Each structure stands twice: as C-alpha cells, then as structure tokens.
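Colleague: Sequence and predicted structure below; questions after.
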Amino acid sequence: MAGLKYILVTPARNEGRFIESLITSVVVQTVRPIKWVIVSDGSTDGTDEVVIKYSSEYSWIELIRMPHRGGRDFAGKVHAFNAGYARIRSLQYDAIGSVDADISFDSDYFAFLLTKLAEDPRLGLVGTPFEDGSHKTYDYRFTSIEHVSGACQLFRRECFEQIGGYVPLKAGGIDQLAVLAARMKGWKTRTFTEKVCQHHREMGTAVRGELAARFSQGIKDYAFGSHPVWELFRFVYQMTRRPMLLGGLALGSGYFWAAVQRLERQIPGEMVAFRRNEQMLRLKKCLLQGNKRPIDGEAFSAKAACQSSRGPSL
C-alpha cells in the first residue's frame, strides 16, 4: 500500500445499536486511520456515549456533536459529513473514507483498499460490496462493477477534492452522484468483490415495502437521467426477480410516473449525457457479446444491463 495514509468520517444519527461493531472493526485494522471523526447528527439514543467511551481510549477517534434537527434525509447526512471533513481536511493524508455507522468488516479491510489505490494511480474511488442480514449482496455478473456502494467509499484525496465532495440531495443518490462526478473527471472507480462489509441494519423485506422501494428507485432512475432504453431492459429484468412481475412493474411505474410529471433532474445536463452514454455503450457491449462467461467480474449478457433495483446503477 506504499505507506498511504487515510482519514475517515462517519455521520451517525441514532446508531447506538450498531456503531460499536463499526468502531471495533476500525480499531483492529492492520492499518489504522490517522484520524477518524464520528459526527453525531443530533443522536438521542446513546450513540454519543458509545463513541465517547472509545475516543477516551484512542486519541485518533473524535466525536463531533451536531444539534438535533427535524426530519431524517440524505442532505442532512452530507451536512454531518462536511462538519467532520472540515475538522480534518488540513491533515496530511492520501485517502479519505466515508463510512456508514451500521457496517463492519474484517481487520485488513482498509489495507486491502489502500493497496488497490497504490497499485493504480488512476483509481480515484474504491470500495466493496456489502452483505445485509440475509447475506445478500450484489451479483456482479449483472451489475456495474464501476459503481461503489455508499456504505463505504474510499476516495483518493485528489479525486475527492476535484469533485468537490458530496452534494446534499434530500432524495438520496449522493454516493451515485459522487461516482458519476469522479468518472466525468477522468478517474477510474471500482468495487472489488474479493471482500465485503457487513450491513447490520435490517433491510425491508415485506412485499409492500419492497414494491414501494422499487417505485421510488424508478423515480430516482429518472431523476438521475437513466436512458429510457436502458430502463426498459432494467424493467424487464426486474420482472424475473422476486416479487415476480410486480417488482419490475413497480420500477417501471416509478420511472414512467416521474417522466409524465417531468420531475426535475437531480444532476446537470452534461452529467445526464455522460451517464446515458456509458449506459448505452455497456448495453451495446452486452448485446453484442451475448451470454459469455464472466470477464473481470462481469458477464457480458443482456441481463447485465438490467441490474437489481438495490444494486449499482451506472
């Protein structure tokens, strides 16, 4: 890893059930961060007390408390992240990581990611898949390996500074926007499937909740400029996954509803064009290559264009 140094920022809002697992994961890393700021975003459930316990033992862990605010949204998460980033941005470091408070990982997780950054100077953003309580993760035969999940994103410092950090979007998609911005700046982004992190918060599994999530994902796909042809393949693929037929219909309905309403795009026009171009190039490659064996973690098939609604969506 060539002696790369890194810092971490974790926004945490009422994560008392999970944050100790994260802290113990970071404490045992074979390569520790030079500084880790955990930003308590108005927590009232004991999150602060857990962090204080560890920060008193490890000087490189710091707690920042922010005042309680009303609703819970993704823009608030960015504001909390930025408060932590402002505290440590002047340090000498090579990489900066955004880490969710409800995950954990093995002891050489960051050493692994730092090695990947050291091996390829054009890599600007790296991460791994995550597994939830049901031990589900993305099938990277059918999803874009160039997307990096927001559960843990490790940026090369130059990349993070060039994209201007995270953009506060209330509706979400802040990790997706960061990936797009990095790629538009010429950086490579990559998920490495050799490792995973564990996501401890339960994901909704009820059919009603899942359908609502698919509908919302369709809206978000439109808001982030997904190409209609790409979305058609995605819609068809989702119909083959549980809940059968209904999941795809919910996804397509969300996209169609957003299109009819002419909802405002969440990203600028040049980013929409960039994203659509990448989608169509990838779809063309998938269709031309046919159902070949996976190459470098991806199967070049028509299915590859139609990733899971919970999976990467470049």
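Modeller: Cool, got the structure.
Colleague: I'd assumed residue 154 was in a strand, is it?
Modeller: Yes. Under DSSP: H, G, I helix; E, B strand; the rest coil, residue 154 sits within a strand.
Colleague: residues in contact with it?
Modeller: Counting by CB atoms under 8 Å, 6 or more residues apart in numbering, residue 154 makes contact with 6, 95-97, 110, 113-114, 117, 125-127. In short, each C-beta sits where N, CA and C put it, glycine included.
Colleague: my guess is residue 62 is in a strand, correct?
Modeller: Yes. Counting by three-state DSSP, residue 62 is found in a strand.
Colleague: quick one: secondary structure of the residue lying closest to it once chain neighbours are set aside?
Modeller: Residue nearest to residue 62 in three dimensions, not counting chain neighbours: residue 37, with 5.0 Å by CB to CB, 6 or more residues apart in numbering. With three-state DSSP as the basis, residue 37 sits in strand.
Colleague: Show me the beta-bridge partners of residue 37.
Modeller: Bridge pairing for residue 37 (DSSP bridges) gives the partners residue 9, residue 62.
Colleague: Tell me the one among the contacts of residue 154 nearest to residue 41.
Modeller: Closest approach between the contacts of residue 154 and residue 41, by CB to CB: residue 97, at 17.8 Å.
Colleague: residues in contact with the helix or strand harbouring that closest one?
Modeller: Using DSSP states H and E, the element containing residue 97 is strand 95-99. With contacts defined as CB under 8 Å, 6+ apart, strand 95-99 is touched by 4-10, 22, 26, 33, 81, 85, 110, 113-114, 117, 150-157, 160, 166.
Colleague: out of the contacts of residue 154, which are inside strands?
Modeller: Taking DSSP state E, the ones among the contacts of residue 154 that sit in strands are 6, 95-97, 125-127.
Colleague: for the chain, which helix is longest?
Modeller: The single longest helix within the chain, with elements called by DSSP state H, is helix 269-289.
Colleague: For stretch 122-134, what is the distance to the chain centroid?
Modeller: The chain centre lies 7 Å from the centre of stretch 122-134; the measure is CA atoms, centre = their mean, to the nearest Å.
Colleague: just to revisit the earlier point, the strand holding residue 97 to strand 152-156, inter-axis angle?
Modeller: Per axes from the mean of the first three to the mean of the last three CA atoms, to 10 degrees, the angle that strand 95-99 makes with strand 152-156 is 170 degrees.
Colleague: Would you tell me what the next helix or strand after strand 95-99 is?
Modeller: Downstream of strand 95-99, the next assigned helix or strand under DSSP H and E is strand 103-104.
Colleague: Pull up the pairing partners for that next one, direction included.
Modeller: According to DSSP bridges, strand 103-104 forms sheet pairs with strand 197-199 (antiparallel).
Colleague: Identify the residues contacting the strand it pairs with?
Modeller: Contact partners of strand 197-199, identified using CB under 8 Å, 6+ apart, comprise 100, 102-105, 109, 128-133, 151-152.
Colleague: Return the item of those having minimum pLDDT.
Modeller: In terms of pLDDT, residue 133 ranks lowest among these, with 63.
Colleague: quick one: low-confidence parts of the stretch 101-250 of the chain?
Modeller: 133-143, 202-208 (pLDDT under 70).
Colleague: 50 instead?
Modeller: Applying pLDDT under 50 to the stretch 101-250 of the chain flags the ranges 141, 204-207.
Colleague: Tell me the confidence at the residue lying closest to residue 95 once chain neighbours are set aside?
Modeller: Spatially, and ignoring its direct neighbours in sequence, residue 95 is nearest to residue 6 (4.1 Å; CB to CB, 6+ apart). At residue 6, the model reports a pLDDT of 98.
Colleague: Next: the one 4 residues further on.
Modeller: Residue 10 carries a pLDDT score of 98 in this model.
Colleague: Correct me if wrong: it contacts residue 38.
Modeller: Yes. If you go by CB atoms under 8 Å, residue 10 and residue 38 touch, sitting 4.7 Å apart.
Colleague: quick one: which of those two has more around it?
Modeller: More neighbours sit around residue 38 than around the other of residue 10 and residue 38, counting by other CB atoms under 10 Å; the figures are 30 against 27.
Colleague: so what's that one up against?
Modeller: 9-10, 12, 19, 51, 55, 61-64, 84, 101.
Colleague: Pull up the gap between it and residue 257, please.
Modeller: Taking CB to CB, to the nearest Å as the measure, residue 38 falls 38 Å from residue 257.
Colleague: re the thing from before, gap between the residue nearest to residue 62 and residue 90?
Modeller: 13 Å.
Colleague: neighbour-wise, which of these two wins?
Modeller: Neighbours were counted for residue 37 and for residue 90 using other CB under 10 Å; residue 37 has more, 24 against 7.
Colleague: Done for today, thanks.
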